[in-house]
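**Student:** Requesting a structural model of the entry that follows:
(2 chains)
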There are 2 protein chains.
Amino acid sequence: MKIGLLGGGQLGRMLALAGYPLGLKFRTLDLSPEAPAGHLTELMVADFNDVDALKRFAAGLDLVTYEFENVPVDSAHFLSERLPVHPPPEALEKGQDRAVEKTFFQSLKIPTPLFATVEVWEEFEQAIERIGLPAVLKTRRFGYDGKGQFELRKLEDMAPAWRSLGGVPLILESFVPFEREVSIIAVRSRGGATAFYPLVENHHRAGMLRLSIAPAPALTPAMQSRAEEYAVRVMDALNYVGVLAIEFFEREGELYANEMAPRVHNSGHWTIEGAATNQFENHLRAILGWPLGSTAAPRCSAMVNIIGRIPDIQSVLATSGAHLHLYGKSARPNRKLGHVTICAEDFESLKGRIAQIRALVDY
Amino acid sequence: MKIGLLGGGQLGRMLALAGYPLGLKFRTLDLSPEAPAGHLTELMVADFNDVDALKRFAAGLDLVTYEFENVPVDSAHFLSERLPVHPPPEALEKGQDRAVEKTFFQSLKIPTPLFATVEVWEEFEQAIERIGLPAVLKTRRFGYDGKGQFELRKLEDMAPAWRSLGGVPLILESFVPFEREVSIIAVRSRGGATAFYPLVENHHRAGMLRLSIAPAPALTPAMQSRAEEYAVRVMDALNYVGVLAIEFFEREGELYANEMAPRVHNSGHWTIEGAATNQFENHLRAILGWPLGSTAAPRCSAMVNIIGRIPDIQSVLATSGAHLHLYGKSARPNRKLGHVTICAEDFESLKGRIAQIRALVDY
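**Tutor:** Numbers count the residues shown, from 1 in each chain, chains lettered A, B, ... in the order given. Below is the predicted model:
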C-alpha cells in the first residue's frame, strides 16, 4: 500500500514514521525540497495547484491524505476523482475559512464565541458594537500559529488592527474570558468507528502552542463526554475519515469551539509515547479502514514544543521521562523544530520534569 | 549528524525509525536494492568488500555502525581508519567464528557448553569421544537462524552430519539439556556507561526465533545480575560501544553463553513498545556518546515473529495490546517478514494475547 501525503512537514514525517511499521510506503508532495518528510519518503517537489504534478503524484498511489489544512480544496477534489482522499475535501473547505467554520459549528449546536464577518470599515464598527470588547480580529483564511490575528482591548486598537489586517475577508470574534484552552483529538474510521484521546490542556505564547498536558488536569468525565459529543457531530456531518482535532475554550463548565483541524495535530504529539496507539498510526488505520487502536493513556504526559532553537540534545535526553522529537529542520526564529514528550506516573512528577524541559527550550 | 548503516535489513530499518526523531540522517549500504531500510534511508547498493564503494559510502558520514554481524572485518577496519565505527570491529571478529567466540567467553570466565573444533573426520571422532552425545555440529562461520547446524543424538548421525556440513571449519558443541534459552540486551556508551534490559525468554522453532517473553517469567534478581555481569565482562574486554546481545542456555541456576551478536537483536524488538527507551534508540545514543535512555520495562511484553507469510493485518491490529511491525519484505518461506509486540499488565493476560497472535501467524 502506498499513501500519498499532501504536505511534507513534520506531521507528514511523523505519519511516515508511524506508517512504515504497518508495511506502508509514502510519497510526499511539497513545495520545498527541504521538507522534513522528504528525508524518509519519496518526495515530489511541486505546487499544490499544478494539475500535471497532481496527476504524476497520484499515479500508483492507493490513497491520499494531507498533513496541513491549507491544501487547495480544488486540488483535493481533483485527486478525489481519481483515488480515495481522506479526510473528505469538504472538511478542508469548512476548516479553511473561520467564518464558515464557526457557522458550521453553530449549525451543529456547538457553542462558539460570538463572531461577525468584516470586509469594510463600516462592518468593523458594527461588529465591535454588537460583539463588544475585548475581541480578536482575524483573517478568515490562511491564519496559523497566531499569524493574521490582532487583539482589541479598547476602541483605539481598531485603527492599528485595520492597518495590520484590513483588505482581506476578516472575522471579529468575542474574546472569551476562558479559564483554559483544551483540545480533543478524535478519529473516525472508514467504517464509522470512532475513538477519542483524553482532552488536553494547551498553553500558547505569541499565538504558538508551547505546551500540552494530557490528560487536561482535573478533567471530568462530563467534560470529556461533551467534547466527544461535539467531535462526533462534526465527524458525522462531514462523513469524516481520519484524525480530527478541535480546539476549545473552556469557561464555567462549557466548551466553546475555537477551530478545528482536519488532520493530526500538534496537541496530539504526546500520544507517540503517552497513548497505547498514537494519533499518527490511528489516522493511518482510519483512512485504510483498519481497526482503530486503543487510545488508552494510563500515565500523564506533556508535550513541549521546540521553537526557534535546538536545545542541548544531551540535556534533553538526560531528563527523566523525556523523549526527543526533532523534525530535521534548520533553526529559524519562531519555527517549530521539534518537540519533547515527557511522561510520568503522576502530575506532581510531571510538573517537575516539564520545568526542566522548559528551562532547556527557553519557554 | 549522518549515520552510515552497514546492512539494510529490518534492523537497519528500525534503527532509522528510532533515529529520525533524534534528528539523525542515514545512509545504508546493502547488496540488495530491495533492502527494507532502503525505503526510508539513502540506499547505496554495493558489495561490502568493494573498497571504492566503501570510500563513497563513508564520504560525508559522521560515524558508521552495522546491523548484521557478517560485515567483513577488513571492511569495518578500512572504514574505522576514516571515521568512528561502533561497535568496534574486534567485536565482529569475535562474533563471526563460533570457536573464537566460545574461547573468548571462556577467557572471561563465562561458562559455555563444552566444545571442540573439527576440520577433518578424525577430529570429529575425537570430539564426539570427548564431548559425548547429544551434541550439535555447527559451521564456525556464517551460521544464522539455525542454518549450518546438525543435531547428533546417536553415533549413526555422524555420517549424515558430515555429509551435510563437512569441508569447512566446524565446531562440535555439547548439547546442554537446558531448561530454557534466555538473552540479555546490554548497551554501553562511548563514555563507558552501561544499561541492561531485563532478561528475555526465547523460543525457537527450526532454529529460528519465534517468540520472546520479557521479562523472562520467574526471573530472579540473581539471574539478572549474573547475566549483566557476563555482559559487562564482554563489553569491557572489547571496549564495546553500542547494543550487544548475548544468548544463554539456562540450566540449574547457571547461564551458559551460546552466542553473542554485536548489534541490536531480534530478542530486543519488544523494547519498542515495552521499554521506556527501545534498543534501537539506545544503540544510537551509545554510539553518539549521548546519555543512555531508561531501560525500565514496567509491564510484560512478548514478541512474536512473522515468518514466511504476512498474517491478516486487521486481525493483528484488532488484538488487544498488539503492535504490528512489518519490514516491507515480500513473503518467502522461512523469511522474517515482521513481528508483533504484545503488551499486557500481567503474564496471565499476556499469555492469552500471545495465543491469539500465534494463531494468526501459524506458530
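
**Student:** For the stretch 201-350 of chain A, which residue gets nearest to chain B?
**Tutor:** A:Leu326 (3.3 Å; C-beta to the nearest C-beta). Heads up, the C-betas are built off the backbone N, CA and C, glycines and all.

**Student:** Find the nearest non-adjacent residue to that residue, please.
**Tutor:** Nearest residue to A:Leu326, sequence neighbours excluded (C-beta to C-beta, 6 or more residues apart in numbering or on different chains): B:Gly23, at 3.3 Å.

**Student:** Residue of the stretch 1-150 of chain A nearest chain B, please.
**Tutor:** The nearest approach of the stretch 1-150 of chain A to chain B comes at A:Gly23, 3.3 Å away (C-beta to the nearest C-beta).

**Student:** okay, how far is it across stretch A:176-190, tip to tip?
**Tutor:** 35 Å (C-alpha to C-alpha, to the nearest Å).

**Student:** what do you get for stretch A:161-174?
**Tutor:** 15 Å.

**Student:** which SS class is A:Val232?
**Tutor:** At A:Val232 the chain is in helix, as set by DSSP: H, G, I helix; E, B strand; the rest coil.

**Student:** neighbours of it, just the number please.
**Tutor:** 16 (other C-beta atoms under 10 Å in any protein chain shown).

**Student:** gap between it and A:Pro177?
**Tutor:** Distance from A:Val232 to A:Pro177, counting by C-beta to C-beta, to the nearest Å: 28 Å.

**Student:** For stretch A:100-115, the averaged confidence score.
**Tutor:** For stretch A:100-115, mean pLDDT rounds to 97.

**Student:** Export it to PDB, keeping only CA atoms.
**Tutor:** Included here for stretch A:100-115 are C-alpha records, laid out as PDB according to Å, rounded to 0.1, in the frame of the first residue of the first chain:
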ATOM      1  CA  VAL A 100     -17.600  29.100   7.500                       C
ATOM      2  CA  GLU A 101     -16.100  27.000  10.300                       C
ATOM      3  CA  LYS A 102     -17.900  28.800  13.100                       C
ATOM      4  CA  THR A 103     -21.200  28.900  11.200                       C
ATOM      5  CA  PHE A 104     -20.800  25.100  10.700                       C
ATOM      6  CA  PHE A 105     -20.200  24.600  14.500                       C
ATOM      7  CA  GLN A 106     -23.300  26.700  15.300                       C
ATOM      8  CA  SER A 107     -25.400  24.700  12.800                       C
ATOM      9  CA  LEU A 108     -24.400  21.600  14.900                       C
ATOM     10  CA  LYS A 109     -25.300  23.400  18.100                       C
ATOM     11  CA  ILE A 110     -21.700  23.500  19.200                       C
ATOM     12  CA  PRO A 111     -21.100  26.800  21.100                       C
ATOM     13  CA  THR A 112     -18.600  29.200  19.700                       C
ATOM     14  CA  PRO A 113     -17.500  32.700  20.700                       C
ATOM     15  CA  LEU A 114     -19.700  35.400  19.200                       C
ATOM     16  CA  PHE A 115     -18.500  36.500  15.800                       C
END
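
**Student:** Which residues does it contact?
**Tutor:** Contact with stretch A:100-115 is made by A:93-95, A:98-99, A:130-131, A:140, A:171-176, A:230, A:233-234, A:237, A:249, A:254-260, as judged by C-beta atoms under 8 Å, 6 or more residues apart in numbering or on different chains.

**Student:** can you pull the pLDDT of A:Phe142?
**Tutor:** 81.

**Student:** do the same with A:Gly148
**Tutor:** 88.

**Student:** which ones are touching it?
**Tutor:** A:Gly148 touches A:Lys138, A:Thr139, A:Phe142, A:Leu165, counting by C-beta under 8 Å, 6+ apart.

**Student:** For the residue of the stretch 1-150 of chain A closest to chain B, list the residues it contacts.
**Tutor:** A:Met1, B:Ile310, B:Ile313, B:Leu324, B:Leu326, B:Tyr327, B:Gly328, B:Gly338 are the contacts of A:Gly23 under C-beta under 8 Å, 6+ apart.

**Student:** got a winner among those for most neighbours?
**Tutor:** When neighbours are taken as other C-beta under 10 Å, the top entry among these is B:Gly338 (25 neighbours).

**Student:** my read: it touches B:His323, true?
**Tutor:** No. Contact criterion C-beta atoms under 8 Å: B:Gly338 and B:His323 do not qualify, at 10.7 Å.

**Student:** Nearest to B:Phe48, out of the contacts of A:Gly23: which one, please.
**Tutor:** Top of the list for closeness to B:Phe48, among the contacts of A:Gly23 and by C-beta to C-beta, is B:Tyr327 at 20.3 Å.

**Student:** how far away is that closest one from A:Lys109?
**Tutor:** 48 Å.

**Student:** And the residue of the stretch 201-350 of chain A closest to chain B, how far from A:Gly9?
**Tutor:** Counting by C-beta to C-beta - A:Leu326 and A:Gly9 are separated by 13 Å.

**Student:** repeat for A:Arg210
**Tutor:** Taking C-beta to C-beta, one finds A:Arg210 at 18 Å from A:Gly9.

**Student:** go on, A:Gly23?
**Tutor:** Relative to A:Gly9, A:Gly23 is positioned 23 Å away (C-beta to C-beta).

**Student:** can you tell me how far A:Arg353 sits from A:Phe347?
**Tutor:** Taken as C-beta to C-beta, the span from A:Arg353 to A:Phe347 is 11 Å.

**Student:** how about the strands in the stretch 251-363 of chain A?
**Tutor:** A:254-261, A:300-307, A:322-326, A:336-344 (DSSP state E, counting those that start in this stretch).

**Student:** Just the CA atoms of the first one, as CSV, please.
**Tutor:** So that's strand A:254-261. What follows is strand A:254-261, C-alpha atoms only, in CSV (Å, rounded to 0.1, in the frame of the first residue of the first chain):
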residue,chain,number,x,y,z
GLU,A,254,-18.8,24.9,28.9
LEU,A,255,-16.7,24.4,25.8
TYR,A,256,-16.6,27.0,23.1
ALA,A,257,-15.2,25.7,19.8
ASN,A,258,-12.4,27.9,18.5
GLU,A,259,-11.2,26.0,15.5
MET,A,260,-10.8,22.6,14.0
ALA,A,261,-8.0,20.9,12.0
